[in-house]
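Q: Mind looking at a prediction? Sequence and model below.
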Amino acid sequence: MVMTHPLALRPMGESDLPTIMDIEARAYPYPWSLTNFKDCLKHKYDCWVYEQNQRIMAYAVLMLVIDELSILNICVDPQYQKQGLGSALLATIEELAQGRGMSNCFLEVRPSNKPALRLYQQHGFHEVGLRKRYYPAAIGREDAIVMAKAIFPSDSL
């Protein structure tokens, strides 16, 4: 599917959760629960949707603490993957972080998620640690690669 209209970024709301849960279930073998998303909204995490023509195509859940940003969940609807949306959303997240004075960005990713690893590396993330047996997996648990990127706040550019 070719995108013809610009993407809009807007805050996620509870009314978005049925669509997000559908995307989450199609995108991940071990999706976040509805409770995870509700808790993030309740505790005022930065929760965003990327949409086109009022159709949610991607979303992100971010936690900002002092000057550090953690990307807790970032997802592109599988039917819109491989069109640059993940890259565009990461760039938008970085702009948000710069505007809020963040200095570092962190995330975790499965070693088996090669497309995500490539994307994060292309955006300047590098491995800084490993969380053993972090993610549920078909057999046992899978490690998480902890990645980080320095962010330069917009007021210092």
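A: Perfect, thanks for sending it.
Q: From now on I want contacts and neighbour counts done on CA atoms only, so please keep to that.
A: Noted.
Q: what ranges do the helices span in this protein?
A: Remark: helices assigned in the chain by DSSP state H are 17-27, 34-42, 85-99, 114-122.
Q: want to throw those helices into JSON lines with mean neighbour count and mean pLDDT?
A: Formatted as JSON lines, the entries for these read as follows, by neighbours: other C-alpha atoms under 10 Å; pLDDT from 0 to 100:
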{"stretch": "helix 17-27", "mean neighbour count": "16", "mean pLDDT": "97"}
{"stretch": "helix 34-42", "mean neighbour count": "14", "mean pLDDT": "98"}
{"stretch": "helix 85-99", "mean neighbour count": "18", "mean pLDDT": "92"}
{"stretch": "helix 114-122", "mean neighbour count": "15", "mean pLDDT": "95"}
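Q: Of those, which is nearest residue 138?
A: For those, the distance to residue 138 is smallest for helix 17-27, at 15.6 Å, taking C-alpha to C-alpha.
Q: tell me the angle the closest one makes with helix 34-42.
A: Using axes from the mean of the first three to the mean of the last three C-alpha atoms, to 10 degrees, the interaxial angle of helix 17-27 with respect to helix 34-42 works out to 130 degrees.
Q: For helix 17-27, what is the distance to the chain centroid?
A: 14 Å (C-alpha atoms, centre = their mean, to the nearest Å).
Q: Chain neighbours aside, what residue packs nearest to the residue most central in space within the chain?
A: The residue lying closest to the centre of the chain (C-alpha atoms, centre = their mean) is residue 74, at 1.9 Å. With sequence-adjacent residues excluded and distances taken as C-alpha to C-alpha, 6 or more residues apart in numbering, residue 74 is closest to residue 60, at 4.3 Å.
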